[in-house]
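K.L.:
pasted the sequence and its predicted model underneath.
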Amino acid sequence: MSEAAVTRIRIAGTAGTEPYEVLVGRQLLGDLAGLIGPKAKRVAVIHPEALAETGEALRADLAEQGFEAVAIQVPNAEEAKTAEVAAYCWKALGQSGFTRTDVIVGVGGGATTDLAGFVAATWLRGVRWIAVPTTVLAMVDAAVGGKTGINTAEGKNLVGAFHPPAGVLCDLAALDSLPVHDYVSGLAEVIKAGFIADSAILDLIESDPGAARTPAGPHTAELIERSIRVKAEVVSSDLKESGLREILNYGHTLGHAIEKNERYQWRHGAAVAVGMHFAAELGRLAGRLDDATADRHRTVLEAVGLPLHYRHDQWPKLLENMRVDKKSRGDLLRFIVLDGLAKPTVLEGPDPAVLLAAYGEVGQ
Ligand SMILES: NC(=O)c1ccc[n+]([C@@H]2O[C@H](COP(=O)([O-])OP(=O)(O)OC[C@H]3O[C@@H](n4cnc5c(N)ncnc54)[C@H](O)[C@@H]3O)[C@@H](O)[C@H]2O)c1
Ligand SMILES: O=C(O)C(=O)C[C@@H](O)[C@H](O)[C@H](O)COP(=O)(O)O
Ligand SMILES: [Zn+2]
């Protein structure tokens, strides 16, 4: 992709929502004012501490263009996804006189865009918002599709709303400042898209896993765009997770249980990597998944430096945590597993002995 090229991926409007576009390229922030639109008088730029300079530069730029722009700084990572931080943002909006025609811009990783989207969903029962994702994970997953939310002590993303953004600007240049640990964590969702829908993603990563770990790798833009297309296709037909959208939860049932167990100190992508390893073993033991595809999970996740294992002694707590997963129905645990490469399906109420055996491969 040349420096000037911009890819536009359309998300259809469903369930009464407007369609919008995900733009992928470089120097895209010039498009922000256009997306905000002429009706807005005020703009709030919600950004994490790590992006204080970016947030302030964006605020100053919007102020120069005539908006009453405020920057709202929130903590980094999961510390931002709390009711207290949401309340802090509501207070800032109230003090700025934020009305229904005003617009929120969420700039940052998935934690920030989840929070900003949730604040937008709840302020005055819903105002427009624009996502400016700055991590791989937020570009390929969190900023797209309208799931917004915060964590509670009882579990991950337990409070939230479906509230799609008015647009998503993925400026690849933002990835240059991302610590490698965070870059690699985002690859878990890229690999997820590969296993559930687009195996060319796995081929590209396997062709040079070392290069896949950096934004300078030759396939960065293609990996990001392919993953966004996977998500776009799913959420365009099932915004509210009535069925198909559940496939995007591959690896998340155990992943979220680990995040809660670690009091949200693990990166989401790392937990999902362990969760996908578990889901692959579960698929294999349930007689659904062939050995080659199950083994491929280990090799590709390990090749980019993602974890495969978690503490063996924590199984009882993880099992308890998994009961609050949003895919559960009453006492019935439900998991996304694969019937084969790019063939995701739901496994309902697996035998507890099979679950434990699958964790036997994951626990250490
Ligand atoms: N809504 C969804 O559909 C969806 C999908 C996937 C994940 N998520 C959520 O996304 C979150 C994880 O997102 P993440 O992996 O982006 O982590 P993150 O938002 O926690 O960001 C990781 C760290 O990088 C910093 N950072 C962000 N951009 C940076 C940059 N360009 N340069 C330097 N530092 C930067 C952040 O401040 C943070 O400290 C989780 O809360 C997860 O639940 C949501
Ligand atoms: O968009 C979705 O749908 C997903 O499941 C994508 C996941 O990667 C993401 O982590 C999501 O936030 C998990 O959703 P949840 O409903 O299990 O909280
Ligand atoms: Zn996820």
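P.N.:
Received, thanks. All values reported here derive from a predicted model rather than from experimental measurement. Numbering: from 1, shown residues only. Ligands and ions are numbered 1, 2, ... in the order given.
K.L.:
what pLDDT is listed against Thr14?
P.N.:
Looking at Thr14, its pLDDT stands at 86.
K.L.:
tell me the secondary structure for it?
P.N.:
The local conformation at Thr14, judged by DSSP: H, G, I helix; E, B strand; the rest coil, is coil.
K.L.:
the one 4 residues further on too?
P.N.:
Per three-state DSSP, the local secondary structure of Glu18 is coil.
K.L.:
so His346 lies in a helix, does it not?
P.N.:
In this structure residue 346 is Val, not His. No: Val346: not assigned to a helix; according to three-state DSSP it is strand.
K.L.:
now do the contacts for the residue nearest to it when sequence neighbours are not counted.
P.N.:
Distance criterion Cβ to Cβ, 6 or more residues apart in numbering; nearest residue to Val346, sequence neighbours excluded, is Arg334 at 5.6 Å. C-beta coordinates here come from the backbone N, C-alpha and C atoms, glycine included. The neighbours of Arg334, taking Cβ atoms under 8 Å, 6 or more residues apart in numbering as the test, are 246, 253, 325, 327-328, 346-349.
K.L.:
nearest to Tyr359, of these?
P.N.:
Thr253 (11.8 Å; Cβ to Cβ).
K.L.:
ok, the closest one - contacts?
P.N.:
In this structure, Thr253 makes contact with 275, 279, 322, 325, 327, 333-336, judged by Cβ under 8 Å, 6+ apart.
K.L.:
switch the cut-off to 10 Å
P.N.:
275, 278-279, 282, 318, 321-322, 325-328, 333-336, 347 (Cβ atoms under 10 Å, 6 or more residues apart in numbering).
K.L.:
neighbour-wise, which of these leads?
P.N.:
Going through the contacts of Thr253 with other Cβ atoms under 10 Å as the criterion, the one with the most neighbours is Ala279, at 31 neighbours.
K.L.:
sec struct for that residue, please.
P.N.:
Criterion first, three-state DSSP; result for Ala279: helix.
K.L.:
begin at 55 from here
P.N.:
Right, with 55 as the first residue, what we last looked at is Ala333.
K.L.:
hmm, it is touching Ile390, no?
P.N.:
Yes: in terms of Cβ atoms under 10 Å, Ala333 counts as a neighbour of Ile390; the distance is 6.5 Å.
K.L.:
what is in contact with these two at once?
P.N.:
Residues within reach of Ala333 and of Ile390 at once, by Cβ under 10 Å, 6+ apart, are 246, 303-307, 398, 401.
K.L.:
so which of the contacts of Thr307 sit within strands?
P.N.:
When DSSP state E is applied, these are split such that 388-390, 401 fall in strands.
K.L.:
okay if I get those as a markdown table plus distance to Leu147 and pLDDT?
P.N.:
Conversion of these to a markdown table gives the following (distance: Cβ to Cβ, whole Å; pLDDT from 0 to 100):
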| residue | distance to Leu147 | pLDDT |
| --- | --- | --- |
| Arg388 | 37 | 97 |
| Phe389 | 39 | 98 |
| Ile390 | 36 | 98 |
| Leu401 | 43 | 97 |
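K.L.:
near ligand 2, from the residues you listed?
P.N.:
Checked against ligand 2 using Cβ under 6 Å from any ligand atom, these yield no neighbours at all.
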